[in-house]
Structure formats: C-alpha cells, structure tokens
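sequence first, predicted coordinates after that:
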Amino acid sequence: MAVVPVILFHAGIAPFTGGFIGVDVFFVISGYLISTIILNEMDAGRFSIMRFYERRARRILPALFFVMLVCILFAWFWLMPRDLKDFAESLAAVTLFVSNFLFWLEAGYFEATAELKPLLHTWSLAVEEQYYIFFPVLLMMLNPFGRRAILIGLIAIFVFSFALSQWGIYNHPSATFFLLPARGWELLVGVFASIYLRGHSTFTRTIHTELLSLIGLAMIILPIFVYDKSTPFPGAYALPATIGTALIILFARTGTFAERLLAAKPMVAIGLVSYSAYLWHQPVFAFFKHRFGSAYFEDAVYLLIALSLLLATISYWLVERPFRRAATLKQLGVSMAVCFLMVIGATTTFLTVIDENYKAVPSYRWALEHASPELISYIENRDVGRECANDIQAIGLKICRFGATDQEPTMVMWGDSLAGALLYGIDQVARENGVAGLAFITNGCPPILGLRNTELSTCTPGTQARVMEEIATLSGIKVALLTGNLVGAMTARNVLIDGNPTSAVIVGHKMEMAMKTFEMAGITSLFVEQGPTFDAHVAEHEMQRLRSGYEKPQAISRSSHVASVAPTRVLAGAFDDYIETTDLYCNKSTCPSVDSGGNLVIFDRNHVTEKYSLKLAQLVFSQLK
C-alpha cells in the first residue's frame, strides 16, 4: 500500500496521479513500528540506543549502498556533465542523510526535471533517518517523567508540526514537502497508534473494526486517484492517507476484509521487497530516460516496473536478508565502511573530473562527436544570457543597456528570465532601429508589484518596487515593454502577492496599477505573451534523441498552449498593446520545440533561443511602428 502507488506515480501511469501519498503511508507505518520497539524495550528496561541504531543500519544501509554503487556505474557512462555533477552531490547528501535538504534547495519534487534525478526518492529516507536520530533521544528524555509526559510532549510536537505543515504548503511549499519539521506529525500519527494499541491490545473482529478498517483503506486509495501535482501537499491534504493508515493498523483485525486483503500472498510478497523496490524504481526510471528518452519511456514503462521488482527481489535475498539476519556486527561495520569509502571516492572523482576536464565524461565525448555547436552551447548554458553593467544581487535585479547605446534611453524592458532571453534579440533590433533602452531583469520574479517568490530570497515586493523607482528616475522614456511568466505568477504555490496567495484577479489588479503609473508618465505599455512550456529541457531532449534514436522532438498542441496563456490574455486591456505570440511559435496544430528547419525554438523548457529571440524582437518592433 505504500510502495506500489509511489512506483505507479513515478511511472506516470495516468490514473495514479496522487500515488505520491504512498510515502505518507510509509511514514505512519515507520512511526508505529519504531515507537513500538522503543517503548517495549523501555518498559522491559533493556533499551539501548546503540543497539537501536545497529538495527536501523542493518535495515537501511546495505540495500541503499548496493543501489548507489550500481547507480555510479550507469551515471558515469550515461549522464552529461551537469547531470553527473548533480548526481555526485546527491551521492554525498544521501551518504550524510541530508538528501532532503539538497533536493529542497535544488528544485521541487513535482518539477519536470525532478524525474531525471536518480536519487530523488531518497529524500524520504533522509527524513526517516533524521527521525531515527532525534526520536529515541526525545523518548529517553521524557521517559523518566512517565507515559503522561511522553504523550503530552508528543501531542505538543504534533500540533506544532501539523500547523507548520499547513502554513508551509502556501508559504514555503518545497521546504514543507521535503523537511522533517513539517513531516514529523505524519510519523507521530503512527506513534499515537502504537501508544493506543498498548492499552487496547485485545481487539477482535466486530462490525466496528470491519467498518473502520474499510474506511482506512478508502482513505488511502481515494487520494491516489484524486490528488495530483497541483494538490497543496502535505498539510491537511495528507490527513486522509495518514489517518487511513492508522485505522488499518488499529482495526484490521484477523478476519476483517482489510486484513484478508493485506495478508494475501501477492500483497505480502510485494511487502517483503517493498524497501528494495522503492530504492530501485527511481534510478531505473531516471537512467532509462537519460539514455533512451522520456518519450520511449512510456512504451517501456511496464517492463521497467517489472525490472524494478526483479532487482528488488534480488536485493532482498542477496543483500537485505543476509545483513539483517546473518552478518555479524563486525561484518556489517566493515562492509558499510568500504561502501562509504567507495561512494565518497566516486563522488570526489566525478566532481574533480567535471571541474578539471568535463570533456572526459563519456557522454560528453559522444556529444562532441555528434551534436551541433549550437546544441552543445545550450547544453552547457553558454550564450544564453547577457552580462549587465549593473547587477544588484541583493534583490536579484540586473540593469542592462541595449540598442543604440550612444543615445539616451527612450525604451525600458521589464521582466523575469523570459525577458532576459528576449534581450538578445531586442538589443540587436533596437540597434538597427536607432533605439536606446534599459532592461530591468529579475530572474524568477515576474514583473508584478507586491510579488514574492517564496523559493527565491531575492524576489520580494521590494525587488519590483525598486524597478519602478529606477524607471521613475528616467526622463524621455516613451515605451515600456513587459514580459514574464504571468501564468506561473497567477497559479504557482510559491507565489504570494502582498503576502496573500496569488490569483488572476490579484495579478490583474497589480498590472493595472503599474500601467496607470506608466500612462500618467506618458509611457506606452506593451506586454509580450510568453511562449510554450515543454515538459523536458529541450536541448537535453535533443541530445537524448541523438543518442537513443527513438525520440521525436517535443511538441505540444496549439490548443493546449492557447489554453495555458488564456488567463494572461484576459489582462490585455491593462496594456496599451498586448502582443500575442502563438503564430510565431506554432503551426496550425502544434507548437514544436524544433522548427521545420531544424532550429531549436526553446532551449530549456520555456526560454527562447537566440534565433527566436531575434524573431520575437522583430515582431515587437513591428508593433511599435
């Protein structure tokens, strides 16, 4: 019930859009089992924290190190340098039990790029490991004061953790998803189930146990099919799965339907290998996508699931069981020390090679022989952005001169990284037209007053307020050109406006305020509509196409792109001119990532290439005439 939904979710199988709740099921089970072991041993007066850590090490480390060592081989031969660097950092983070912090800082769990991280799933193991460090110590501190003190202390922590989780899903969603303080309450649900059963251990099958255990099953199963990546999570949305798991633990007594279902041989068989299955499935999926591409993944997904379960079975019999049951403490210690040194050695080697001679990486050597210079430059993120004379790092603001720089500016451009990509073309076309201007670029921070990106410390209401102040000091400005990810600004969970959750209405109001300021200053305002957004990094996808031979260039339907930007078109009235760009990027049916001439349109997921930056700039200046 924990591992299968997660595997199906990561496999992208359509009905299981909420399968990520399987991790929450596992948290509750873990909280229940660990607290039961500790409390029983404390009651018997034989609890040893060192023996506890030994058992946890036997349970977690051998299979984990085995998977990591196998991953190292595939990473070296299949990953591009940038991905290999990320993988090396994740190896170190997993080894130090802090991978949840690394993935929190890198990207969200539901980002499209996350599926390409072979060790992404270890974030939940890091949460578990951190729980193993703190929870026994907490119980040892509270135990001398009696069971009542333990219960009161745990309830206080539960309330704090749940409140933090509920607040965090709207204010710091990525940190809330990955970090223990906002996840601890889920583990405590299992702890409370353990404490309750200690005083009610004589349950038998009754109509109440039958009903409550069935409700528990339903509370786990329904979110699997109802939730999706847009669900604010965890917070209150994690309550059904966690409470449902607790109900099964408490009331799935012998003879109930839930007990008979979960005790069925296929369920038990998967349960036995569930830890190894969890470890294997993400690397299998991610490495396949790196080598053969995401499109072909859909055709091979069921074979890859079967491969994950096969590898899990092998790991269970050859690694998990021997180390848990047969290996001596000395054998365990020596083996894990050797594995630790091998992982650290691989991490150091990878980072050194990438830093000193990244062209030695096998996948990159292949790329040099087969890929175009343009594709390689975008893989390396070269020639994408422009250096700016004025870079105010504290607020994430870059101020760039463009066009006929020997003249006084008559035009300003204001926007996020989409404006940064457009700047290449605007600079050249403005120069051709004898126009001088200043660009105000705030990466990750769309041009909306009062906006805060909670995942980016440099994007606060003060960032865009500073832009307006800078523009106000300029004289002779006739045109203000704006562009940015308004769709994200209207819908993203990590966006707040004036401290409140964002919406299309609020964004529209803020835009009208800013444009009225421009109107009063005699400045004509234009907004350039954003282009299509693709699921995967386009340049990396094209590299996959070269290597695999199976892929086609990414494309989205014209209708879906138009639907995605429709909320921004509603705001067209706030500007003097709103420049629709669909015809630039799309044909009658699709919006391709590579045009009919073989040119990349977008180089990552949503930023235009230099060629299309020029085309977009020409479209803008044609509207100005």
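Happy to help now that I have it.

low pLDDT regions in the stretch 151-300 of the chain?
201-203, 295 (pLDDT under 70).

so where do the helices sit in it?
Applying DSSP state H, counting those that start in this stretch to the stretch 151-300 of the chain gives helices spanning 173-178, 180-199, 207-226, 239-251, 257-262, 265-272, 274-292, 294-315.

got CSV for those helices, with mean neighbour count too?
All C-beta atoms are positioned from the backbone trio N, CA, C, and that covers glycine. Shown next, in CSV, are the helices of the stretch 151-300 of the chain (neighbours: other CB atoms under 10 Å):
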stretch, mean neighbour count
helix 173-178, 22
helix 180-199, 21
helix 207-226, 18
helix 239-251, 23
helix 257-262, 16
helix 265-272, 12
helix 274-292, 23
helix 294-315, 17
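
could I get the ones you listed as CSV with distance to Pro136?
Output for these, formatted as CSV (distance: least, CB to CB, whole Å):
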stretch, distance to Pro136
helix 173-178, 23
helix 180-199, 12
helix 207-226, 28
helix 239-251, 20
helix 257-262, 28
helix 265-272, 25
helix 274-292, 20
helix 294-315, 27
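
closest to Ile376 out of those helices?
helix 274-292 (17.0 Å; CB to CB).

before we move on, the earlier item: of all the helices of the stretch 151-300 of the chain, which lies closest to Arg466?
helix 173-178 (25.4 Å).

what segments of the stretch 301-450 of the chain are strands?
Ranges of strands within the stretch 301-450 of the chain are 390-392, 397-403, 411-415, 436-441, based on DSSP state E, counting those that start in this stretch.

closest one to Val191 among these?
Comparing these under CB to CB, the one sitting nearest is strand 397-403, at 47.3 Å.

what does the closest one contact?
Residues from elsewhere that reach strand 397-403 (CB atoms under 8 Å, 6 or more residues apart in numbering): 386, 388-392, 409, 411, 413, 420, 423, 426-427, 430-431, 433-443, 463, 466-467, 470.

partners of it in the sheet?
strand 390-392 (antiparallel), strand 436-441 (antiparallel) (DSSP bridges).

pLDDT averaged over the shortest one - what is it?
It refers to strand 390-392. Averaging pLDDT along strand 390-392 gives 76.

outside of that strand, which residues touch it?
Contacts of strand 390-392 (CB under 8 Å, 6+ apart): Leu397, Lys398, Ile399, Cys400, Arg466.

try 10 Å this time
With CB atoms under 10 Å, 6 or more residues apart in numbering as the test, strand 390-392 has contacts from 397-401, 438, 440-442, 458, 463, 466, 470.

which among the contacts of strand 397-403 count as buried?
Neighbour counting by 16 or more other CB atoms under 10 Å classes 388, 409, 411, 413, 420, 423, 426-427, 430, 435-443, 463, 466-467, 470 among the contacts of strand 397-403 as buried.

what about the residue lying closest to Gly255 once chain neighbours are set aside, how many neighbours?
Using CB to CB, 6 or more residues apart in numbering and skipping the chain neighbours, the partner closest in space to Gly255 is Arg205 (4.1 Å). Other residues near Arg205 come to 16 when the count uses other CB atoms under 10 Å.

my read is that Arg205 contacts Leu211, right?
No. Counting by CB atoms under 10 Å, Arg205 does not reach Leu211; the two are 11.1 Å apart.

picking up where we left off before, and of the contacts of strand 390-392, the nearest to Tyr316?
Nearest to Tyr316 out of those is Thr458 (CB to CB; 46.8 Å).

assumed the closest one was part of a strand.
No. Secondary structure of Thr458 (DSSP: H, G, I helix; E, B strand; the rest coil): coil, not part of a strand.

could you give the number of residues near it?
By the criterion of other CB under 10 Å, Thr458 has 17 neighbours.

equivalent analysis for Glu540, please.
Glu540: 22 neighbours (other CB under 10 Å).

which residues touch it?
Glu540 touches 80, 82-83, 113, 116, 290, 293, 375, 378-379, 603-605, counting by CB under 10 Å, 6+ apart.

in helices, which of those residues fall?
Counting by DSSP state H, the part of these found in helices is Arg82, Asp83, His290, Leu375, Tyr378, Ile379.

for the second one, report the pLDDT, please.
Which is Asp83. Here, the pLDDT recorded for Asp83 equals 88.

returning to what we had before: what's the overlap in contacts for Arg205 and Leu211?
Common neighbours of Arg205 and Leu211 (CB under 10 Å, 6+ apart) are Phe251, Thr256.

of all the strands of the stretch 301-450 of the chain, which one is nearest Phe16?
Phe16 lies closest to strand 411-415 among these, at 37.5 Å (CB to CB).

tell me the strands beside the closest one, with direction?
strand 436-441 (parallel), strand 479-483 (parallel).
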